[in-house]
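> Any chance you could fold what I've pasted below:
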Amino acid sequence: MTIPDSGYMMENGAIGIPLAPEEEKRIVKDLTNQAESNLQEGSLYYVISNRWFTSWQKYTGLDVGAYLFDKHSTDAHSLVLSKPGDRPGPIDNSDIVLNEHDCDGEDLELRKTLEEGSDYVLVPQQVWEKLFDWYKGGGRHYQGN
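Below you'll find the model as predicted:
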């Protein structure tokens, strides 16, 4: 029996089989709920392009806009029932940062006119780490607290 090459490279160099979309959604929801219940000053949140995050939501079957701490996401007009999509590629924040290739060091500068929920989402550190483990990419990331 042959398994198609749909896996990804794990840290130890082995090929891993991606989790089912429903499992990814469950893990991210659990991590989000855990972070929300332990919310305190100094908690780290990471900025992810809403464009990439929306493709992940579609892939996992999570209603687009129905996520995390965005108070606007509970409005009926912001919830978009989505059809399942393809597994997104690496995390891509290029649409929300300035001159990613010209940056020295780890810090990136975000575009000035971004709006949370429209251009980007904030995810707890544990969610970022899990998404990064699964998808890589993101380049150097912008951390916000």
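
> Could you measure from I27 over to T60?
I27 sits 10 Å away from T60, taking CB to CB, to the nearest Å as the criterion. (C-beta placed from N, C-alpha, C; glycine too.)

> And the helices in this structure?
With DSSP state H as the criterion, the chain has helices at 21-37, 50-60, 125-135.

> Tell me which of those helices lies nearest to L114.
L114 lies closest, by CB to CB, to one member of these: helix 50-60, at 9.2 Å.

> Quick one: list the elements packing against the closest one.
The contact analysis (3 or more CB pairs under 8 Å, 6 or more residues apart in numbering; DSSP states H and E) places helix 50-60 against helix 21-37, strand 120-124.

> circling back: I27 and T60: which is more packed in?
Higher neighbour count among I27 and T60: T60, with 23 against 17, using other CB atoms under 10 Å.

> how about that one, what does it touch?
By CB atoms under 8 Å, 6 or more residues apart in numbering, the contact set of T60 is P21, E22, E24, K25, V28.

> among the helices and strands packed on helix 50-60, which is nearest I48?
Of all the helices and strands packed on helix 50-60, strand 120-124 comes closest under CB to CB, at 5.5 Å.

> Also compute the angle for that closest one relative to helix 125-135, please.
110 degrees (axes from the mean of the first three to the mean of the last three CA atoms, to 10 degrees).

> Point out the other helices and strands that strand 120-124 packs with.
For strand 120-124, the packing partners by 3+ CB pairs under 8 Å, 6+ apart are helix 21-37, strand 45-49, helix 50-60.

> any idea of the mean pLDDT for it?
Regarding strand 120-124, the rounded mean pLDDT is 95.

> re the thing from before, closest one to L44 among the helices of the chain?
Of the helices of the chain, nearest to L44 by CB to CB is helix 125-135, at 4.2 Å.

> The closest one vs strand 45-49, what angle?
40 degrees.

> now what about helix 125-135, what contacts it?
So helix 125-135 is contacted by 8, 18-19, 24, 27-28, 31-32, 34-35, 43-46, 48, 56, 88-91, 123, 138, 141 (CB under 8 Å, 6+ apart).
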